[in-house]
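A.B. asks: sequence and predicted structure, then a few things I'm wondering about:
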Protein chains: 2
Amino acid sequence: MSNPKADTAPTNPSARDKLLAAGFAVIRSKGYSGTTVDELCAAAGVTKGAFFHHFKSKEALGVAAADYWSEFTGALFASAPYHDHADPLDRVLGYIDFRRLLLSGELPDYTCLVGTMVQETYLTAPAIRDACHASISGHARTLAPDIQAAMDAHGMRDTGWTAESLALHTQVVLQGAFILAKAEDSVSVAIDSVDHLKRYLTLLFSQPEEKVS
Amino acid sequence: MSNPKADTAPTNPSARDKLLAAGFAVIRSKGYSGTTVDELCAAAGVTKGAFFHHFKSKEALGVAAADYWSEFTGALFASAPYHDHADPLDRVLGYIDFRRLLLSGELPDYTCLVGTMVQETYLTAPAIRDACHASISGHARTLAPDIQAAMDAHGMRDTGWTAESLALHTQVVLQGAFILAKAEDSVSVAIDSVDHLKRYLTLLFSQPEEKVS
DNA sequence: GCCAACATACCGACTGGTCGGTATCAATAG
DNA sequence: CTATTGATACCGACCAGTCGGTATGTTGGC
């Protein structure tokens, strides 16, 4: 109900969107279970009545937030500059550089909403887990073609791994980097790991013949 | 208080230990915030009075569980067979193999308690975050000497990365692998990522430059 | 007796969720 | 032009149940 089509938000710029934006901030700070509906309402500056007018339950907001996260990040990465490189490997490495660039500000600003949510809800709220899964795997799927093209360009066959698995591995490193960053309360460990990831990709694609910077 | 020395459990095999064991299982399934004290008591088969006799608060149990996790995993990895290799690189790769071997059973069986907890508590419960940080960084610290020895054996200097950062990177990959596994409800993505990690280490230490062995 | 180790009953604050109501706008009829 | 209808957006008091935590036992070893 409520919103027949979950578009980017043409009709009303108000309560529903404010709640989703508040969801991004609050859930990334305190987790899904640690976030209360009242808190969400307070952060969004709306009342509880407005909340349950737009979302039939707290879990429904979790799903909607994950979906909105997919849209949001989808637009962000679609418009990122790394797609402009002619060489597919440069596009892949450019993606890593872009992810590294995004690691700034406070922890709740650069950590991943769906990675945070799925940790707590994978068993208790399958609907949220599915939405988080769709977000992560959908994002990874945008990387796979460039990786595959790079593999083809380097004549790589029978590698023992697939473009899809490497795309997922980049997400694994990023998600893990967020966890270590939270534990250390510092972004530096995340940056180091992204550097290790880039080094891995560089080594992978440096055939015996060719050289790599 | 309560337990002056948190030994492996010689004095009382009862309520406190049962609660910690229940904490492992329940928190890994539902997260820290999603776990209630009543649930913990039910899972441990003790009453609420017993809970608050041994832990002054739910947060105190979180800290104790993280500390106990450090002990538990410390003993597990200390007695693992990968230390027996003569070559330091073999010990490091053996560690990766061992981690891969541990990826079996259901998700709550092989995922990391402290990685799960720190996601939700890094801002709201600093004491838990610190305990989780100590657990992760302490574990990484057990790997660093072998990595450093392997670097020395291969005559690696000015690599642009340190043994410590690579040790932390292994933890990043594992933590991230758990998140993706939860999202996909499958262990295979975690296994693939651990394989990528091993491939990275293998490539790193097979530089064509110098060989000292 | 005494104290640690539990058990039972209970509390107040808070939780997700409900419900009757209001404000606003568009369409339609008279 | 007004009146009516109906749909949507939002308000905020309220509810029943749950939460972490406490107060008061009871038991058993030393």
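C.D. replies: Sure thing, it's come through. Predicted, not measured: the structure shown is a model, and the values here were computed from it. Residues are numbered from 1 along each chain as shown, chains lettered A, B, ... in the order given.
A.B. asks: name the residue of chain A that lies nearest to chain B.
C.D. replies: Sorted by distance to chain B under C-beta to the nearest C-beta, the residues of chain A start with A:Gly176, at 2.9 Å. Just so you know, the C-beta spots here come from the backbone N, C-alpha and C atoms, and that holds for glycine as well.
A.B. asks: in what helix or strand does A:Ala131 lie?
C.D. replies: helix A:126-153 (DSSP states H and E).
A.B. asks: close to DNA strand C, is that helix?
C.D. replies: No. When contact is scored as C-beta under 7 Å from any atom of the strand, no part of helix A:126-153 falls within range of DNA strand C; the minimum is 12.1 Å.
A.B. asks: for that helix, list every residue counted as buried.
C.D. replies: By neighbour count, and taking 16 or more other C-beta atoms under 10 Å in any protein chain shown as the criterion, the buried residues in helix A:126-153 are A:128-133, A:135-137, A:139-140, A:143-144, A:146-151.
A.B. asks: and that helix, what does it pack onto?
C.D. replies: Packed against helix A:126-153 by the contact rule (3 or more C-beta pairs under 8 Å, 6 or more residues apart in numbering or on different chains; DSSP states H and E) you find helix A:58-78, helix A:88-101, helix A:113-121, helix A:163-184, helix B:163-184.
A.B. asks: run the chain-centre distance for the shortest one.
C.D. replies: This points to helix A:113-121. For helix A:113-121, the separation from the chain centroid amounts to 11 Å (computed by C-alpha atoms, centre = their mean, to the nearest Å).
A.B. asks: packing partners for it?
C.D. replies: Using 3+ C-beta pairs under 8 Å, 6+ apart as the test, helix A:113-121 ends up in contact with helix A:15-30, helix A:58-78, helix A:126-153, helix A:163-184, helix B:113-121, helix B:163-184.
A.B. asks: hmm, who's touching it?
C.D. replies: Contacting residues not belonging to helix A:113-121 are listed as A:23-24, A:27-28, A:31-33, A:62, A:65-66, A:69-70, A:128-129, A:131-133, A:135-136, A:175, A:178, B:30-31, B:33-34, B:116, B:119-120, B:179, B:182-183 [C-beta atoms under 8 Å, 6 or more residues apart in numbering or on different chains].
A.B. asks: how does it look with 6 Å?
C.D. replies: Taking contacts as C-beta atoms under 6 Å, 6 or more residues apart in numbering or on different chains, the residues outside helix A:113-121 that touch it are A:24, A:28, A:31-33, A:66, A:69, A:128-129, A:132, A:135, A:175, B:31, B:34, B:116, B:119, B:179, B:182-183.
A.B. asks: pretty sure A:Val46 contacts A:Arg16?
C.D. replies: No. With contacts counted by C-beta atoms under 6 Å, A:Val46 stays clear of A:Arg16, the gap being 9.0 Å.
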